[in-house]
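Asker: I need the structure of the sequence given here:
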Amino acid sequence: MIPLLTDLHEVPSDFQGGVVAVGNFDGVHRGHASLIQRLVSLSKQIGGRSLVITFDPHPSTLLRPDLPVLEPLTTLARRAELLGELGVDGLLALPTSPQLLELSPIEFYQRVLVGELKIRGMVEGPNFRFGKDREGDVQLLQQICSRDQIQFQIADSIDDPQGMISSSRIRQLLVAGDVAQAATMLTRPFRVSGVVTRGAGRGTGLGFPTANLDQIRSMLPGHGVYAGRVEVGGQAYRAAMNLGPNPTFGENRTKVEVHIIDLKQDLYGQTLHCDMIAKVRDVVRFEGVQQLLAQIKQDLTKVVQHVQI
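Answerer: Below is the predicted model of the structure:
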């Protein structure tokens, strides 16, 4: 994995004098990938390293504390992994603070980009805005980079028939449970990661043991049963994932339960990464255990049809 840096003042010297892109890059979708392609190309042309700069937590957490916390599509670690696959050399996650958000566009450019990182190149999307109250835009960057002889490029947006590919559109699809359509905009299938904890043990008693996931640091798709893929010990397995309550047994709390097909292994305490491929059905209440078991068998048949390993 590429370096995940969290302190602006301790960025290694070999990342100075390179090319940067600033943004949230949440989800690392196809639009991001197009921008990153230009970033990596420019860094090779200039002879410096490529660095993506993001913010942790999302600025809206501080700017709009009255709103519910917006869970990210991807954790910082996952973002670093995906960006590394696209050829980026490093990810810098600036700690979001009131002081950082108070910087004017010119102050952010001078203190962070030029003063600390000594950039020689920069790539942004056409709608990029930065600085206090989002007053800075790509036109301003074009002017000041030209003045300082810093190469600046504007990457084209990537569109599909419904419009520009964006993290907000992906988020809407996930809320609706359409992980398959979301995947067409992402560079990798949407992933949920969590630590396996002990549950009620009911699945084992029914003959379909499940791994209960906790400590999930990203958003969850809408409630439902999903076909997924997990990797354990370097081997990929098909999996059925249940997100939501368990109304058949009177449980209303949202849970994430994963049944891994053809794997019988104690996973307690391990971190499980689940790639979500397709939604199989909604969460429903069954009249009894036999009806539930019959449905589970149908679900697993659909999982095998949807997921390639």
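Asker: which ones are touching the residue most central in space within the chain?
Answerer: In the chain, the C-alpha nearest the mean C-alpha coordinate belongs to T74, at 2.0 Å (C-alpha atoms, centre = their mean). Residues near T74 by C-beta atoms under 8 Å, 6 or more residues apart in numbering: D26, G27, V28, L82, R191, S218. All C-beta spots, glycine's among them, are computed from the backbone N, C-alpha and C.
Asker: ok, now G269?
Answerer: For G269, counting by C-beta under 8 Å, 6+ apart, the contacting residues are V195, V196.
Asker: Report the separation between it and N212.
Answerer: In this view, G269 and N212 are 12 Å apart by C-beta to C-beta, to the nearest Å.
Asker: Overlap of the contact sets of the two?
Answerer: In contact with both G269 and N212: V196, using C-beta under 8 Å, 6+ apart.
Asker: which of the contacts of T74 has the most neighbours?
Answerer: Using other C-beta atoms under 10 Å as the neighbour test, the contacts of T74 are led by G27, with 30 neighbours.
Asker: what about the nearest residue to it once chain neighbours are set aside, neighbour count?
Answerer: In space, and not counting its chain neighbours, G27 is closest to L73: 3.8 Å by C-beta to C-beta, 6 or more residues apart in numbering. When neighbours are defined as other C-beta under 10 Å, L73 has 23 of them.
Asker: Isn't L73 up against M219?
Answerer: Yes: if you go by C-beta atoms under 8 Å, L73 and M219 touch, sitting 6.1 Å apart.
Asker: what secondary structure does A21 sit in?
Answerer: strand (DSSP: H, G, I helix; E, B strand; the rest coil).
Asker: Surely it touches A33?
Answerer: No: A21 is beyond contact range of A33, at 11.7 Å (criterion: C-beta under 8 Å).
Asker: Just want to know which of the two has more residues nearby.
Answerer: Remark: of A21 and A33, A21 carries more neighbours, 27 against 18, as counted by other C-beta under 10 Å.
Asker: Show me what secondary structure element comes after the lowest-mean-pLDDT helix or strand in the chain.
Answerer: Sorting the helices and strands of the chain by mean pLDDT, DSSP states H and E puts helix 202-206 at the bottom, at a mean of 63. Using DSSP states H and E, the helix or strand that follows helix 202-206 in sequence is strand 211-214.
Asker: Report all helices and strands that that next one contacts.
Answerer: strand 191-197, strand 251-260, strand 271-281 (3 or more C-beta pairs under 8 Å, 6 or more residues apart in numbering; DSSP states H and E).
Asker: and it, how far from the chain's centre?
Answerer: 19 Å (C-alpha atoms, centre = their mean, to the nearest Å).
Asker: returning to that earlier point: separation between the residue nearest to the centre of the chain and H29?
Answerer: Counting by C-beta to C-beta - T74 and H29 are separated by 10 Å.
Asker: Surely the residue nearest to the centre of the chain is within a strand?
Answerer: No: when classified by three-state DSSP, T74 is found to be coil rather than part of a strand.
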